[in-house]
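Student: any chance you can model this:
(one chain, ligands or ions: 1)
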Amino acid sequence: MQVQRAQGTEDLYGPYMRSWLKVQHVAGRLFNSYGFDLIETPVMEQVDTFVHGIGESTDVVRKEMFRAVSGAILERVMENGSEKGLKARQRLALRPEGTAGVVRAVVEDNLCPPGSSPVKFWYASPMFRGERPQKGRLRQFHQIGTEWIGAPDPAADAELIILLMNFYYELGFKPEDLVLRINSMGDDSCRPTYRETLRKFLMDDEEMYASLCDDCKVRAEVNPMRSFDCKNPHCQELMVDAPLLKDCLCDECKEHYAQVKKYLDQVGINYIEDPTLVRGLDYYTRTVFEVECPKAGVGAIGGGGRYDKLIEICGGKSTPGIGFAVGFERIYLALQELGVDLAGDEIGCVYVACAESHLRDKVFEITHALRSAGVRTECDYQARSLKSQFKQADKLNAQVTVIVGSDELSRDVVTVRDMQSHEQVEVPVADIATYITSN
Ligand code: AMP
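Tutor: Model prediction:
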C-alpha cells in the first residue's frame, strides 16, 4: 500500500517552502517595525477556547473544526457514543484560526491588564479547517496574522490596515492588483437593534422565510448578519433589499469609522466601503476589512477586524483588540497569477569534487572545514565519476566547485572552479575556507 497525504493538505518544500520562508521573513521585518513580537501558541487547544473565541454559530466551529482525540479518549467516546462525560480539558481541537489562541494566552497569562500598554503579537502558523478542498481552500493552510490588544483608538485600526497593505506591496502586489473592502459592524449599543431589524426582515414574511436556504433559516434566528455571506444565489438576491447596519450605527461607532477612513485617506490607501461585509467569525465589532486580488480568483487573501468584546468573552477584563490574518497559500497562488516570483533563486552551495577515489578522505576533511566555516557544502556519496560529479554540482546550484586531485594535493593545493565563468584558480588547502568565505 502506498501512503498518501491527508486530503486537503500539502507538503511544503523547494520553491514553495522558500516562498513560505520569504513571506515569514518579510512579515518579521515589517511587523517588527510596527512593534509586533512573534508568538507561537499550541496547534491544539480546548474546544471551548474556539467555541467562546470564534462563536458557537459560526461555520468554522459548527462544521469545520478538526477534533483531536487521543487513543484512550477515543475508546471512551466510542463506548459512550458521544463526547458527553468528557472534561473540558479532554475535548480538544486543532486551531482553525489564530486569534482565539492568542487571546487565550493574553487572558491566561494576564499580559494586558487594565491600564497597561497594548500588547502586539504576530504569528505565522498552520491552521486546520474541515472544508471541501479546492484551489486556494485547504484543510491545513498557513496564516500570517497580527493581534493588537488594548488599543481602542481608530488610529490602530487604520495603522493595522496600512500595515496589511504594505505587507502585500512588499511581497510583490501592486496597489492596483488589490481591492480592500471595509465596513463597520457597530458595537453593543447599536448592533442588537439592527440584528432585530434584520431578523424581522428575514423572518416576518413567511413566504420569503420559507424560500431561504436551510443555513439561512438557522442564521436568521442565531446570527442574521451572516446571511450577507450566503453563497446561495436566491438568498443573495433577497439580501440586496436587506436593511444595512451603516444606516443604524450609533454616534460613537459612526465617529470611530469616520476616523479610520480619515487616516486611510491621509496616507492614500484606496478602499471600497462595503456595508454587506460581515466576515465569517462572530467576534467582530466596529471595523472589519477584507482584501482580494480579483485577477487571481482565489477569494479573499486576507482580512480582519476589531474584536472589543472577545477578551471579556474569554474570561478577561474588558479590553479592546484588533487583528488580521493573511492566507499564505492564496498569496502564493495570486502572485503566481500575477507573474511575481516569490521563491527567489535556489540557494547556492560549494561542491567538493573528488578526482580520484583514494582522495575521498581529503574530500571529507575539506567538506568538514567548509561547513565549519558556515558554507553550505556538498560532495559525492555515491562514488560517481568526476563528470557526473560536475553534473550534480550544477543540479545543486553550486557556484563554486573545489576539485581535489592528487597532482594538486602533492603541492598542498586544490583547484577552485567558478561554475559560471569556468575560471579556475589554485588555493592552498589550508586556506580554502578563508578563500571561499571572503570571495
Ligand atoms: P479567515 O480567518 O476565514 O478570515 O481567513 C483569513 C485568510 O486565511 C483568508 O483571507 C484566506 O486567505 C485564508 N484562508 C482561510 N481559509 C482558508 C483555507 N481553507 N485554505 C486556504 N486559505 C484559507
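Student: only C-alpha atoms for contact and neighbour calcs from this point on.
Tutor: Fine.
Student: put the alpha carbons of the helix or strand bottoming out on mean pLDDT in the chain into PDB.
Tutor: Between all helices and strands in the chain, the lowest mean by mean pLDDT, DSSP states H and E belongs to helix 59-62, at a mean of 83. Output of helix 59-62 as PDB, limited to C-alpha atoms (Å, rounded to 0.1, in the frame of the first residue of the first chain):
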ATOM      1  CA  ASP A  59     -19.500  27.500  10.300                       C
ATOM      2  CA  VAL A  60     -15.900  27.300  11.500                       C
ATOM      3  CA  VAL A  61     -17.000  26.000  14.900                       C
ATOM      4  CA  ARG A  62     -20.200  24.100  13.900                       C
END
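Student: near the ligand at all, that helix?
Tutor: No. On the criterion C-alpha under 6 Å from any ligand atom, helix 59-62 is out of touch with the ligand, staying 8.3 Å away.
Student: helices or strands up against that helix?
Tutor: helix 47-54 (3 or more C-alpha pairs under 8 Å, 6 or more residues apart in numbering; DSSP states H and E).
Student: for the helix it packs on, packing partners?
Tutor: helix 59-62, helix 99-108, helix 310-313.
Student: make CSV from the ones you listed and add mean neighbour count to it.
Tutor: Shown next, in CSV, are those (neighbours: other C-alpha atoms under 10 Å):
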stretch, mean neighbour count
helix 59-62, 18
helix 99-108, 21
helix 310-313, 21
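Student: re earlier: just give me how far the least confident helix or strand of the chain sits from the chain centre.
Tutor: Computed by C-alpha atoms, centre = their mean, to the nearest Å, the chain-centroid distance of helix 59-62 equals 19 Å.
Student: which one of the helices and strands packed on helix 47-54 lies closest to Glu75?
Tutor: Proximity of these to Glu75 was assessed by C-alpha to C-alpha; the nearest stretch is helix 59-62, lying at 23.2 Å.
Student: need the next SSE after that closest one, C-terminal direction.
Tutor: strand 67-68 (DSSP states H and E).
Student: what distance separates that next one from the centre of its chain?
Tutor: 21 Å.
Student: repeat for stretch 216-229
Tutor: 27 Å.
Student: assign Glu196 to helix, strand or coil.
Tutor: Classification of Glu196 using DSSP: H, G, I helix; E, B strand; the rest coil returns helix.
Student: quick check, pLDDT for it.
Tutor: Glu196 is assigned a pLDDT of 92 by the prediction.
Student: near it, how many other residues are there?
Tutor: 15 (other C-alpha atoms under 10 Å).
Student: do you know how far it is from Cys235?
Tutor: 18 Å (C-alpha to C-alpha, to the nearest Å).
Student: what do you get for Pro126?
Tutor: 33 Å.
Student: would you agree Leu111 is in contact with Lys120?
Tutor: No. With contact defined as C-alpha atoms under 8 Å, Leu111 does not count as touching Lys120 (10.3 Å).
Student: quickly list what the residue most central in space within the chain is bridged to.
Tutor: Nearest to the mean C-alpha position of the chain, counting by C-alpha atoms, centre = their mean, stands Gln143 at 1.3 Å. Going by DSSP bridges, Gln143 is paired in beta bridges with Ser125, Gly327.
Student: how about it, what does it touch?
Tutor: Counting by C-alpha atoms under 8 Å, 6 or more residues apart in numbering, Gln143 makes contact with Glu97, Gly98, Tyr123, Ala124, Ser125, Pro126, Met127, Ala325, Val326, Gly327, Phe328.
Student: tell me who's in contact with the closest residue to the ligand within the stretch 51-200 of the chain.
Tutor: Closest contact between the stretch 51-200 of the chain and the ligand, by C-alpha to the nearest ligand atom, is at Arg137 (3.4 Å). Arg137 makes contact with Gly8, Glu131, according to C-alpha under 8 Å, 6+ apart.
Student: distance of it from Val427?
Tutor: Relative to Val427, and taking C-alpha to C-alpha, Arg137 is found at 53 Å.
Student: Leu164 too?
Tutor: For Leu164 relative to Val427 (C-alpha to C-alpha), the value is 50 Å.
Student: between those two, who's got more neighbours?
Tutor: Leu164 (24 against 18).
Student: excluding its backbone neighbours, what's nearest that one?
Tutor: Distances taken as C-alpha to C-alpha, 6 or more residues apart in numbering put Phe324 closest to Leu164, at 7.7 Å, once the chain neighbours are dropped.
Student: then Glu10?
Tutor: Closest to Glu10 by C-alpha to C-alpha, 6+ apart is Gln140, at 7.5 Å.
Student: count of residues packed around that neighbour?
Tutor: 20.
Student: what does stretch 265-279 rub up against?
Tutor: 162, 179-185, 225-226, 228-229, 244-246, 264, 288-289, 304.
Student: touching the ligand at all, it?
Tutor: No. Shown here: stretch 265-279 not in contact with the ligand (C-alpha under 6 Å from any ligand atom), separated by at least 6.7 Å.
Student: ends of that stretch, how far apart?
Tutor: Start-to-end, stretch 265-279 (C-alpha to C-alpha) is 23 Å.
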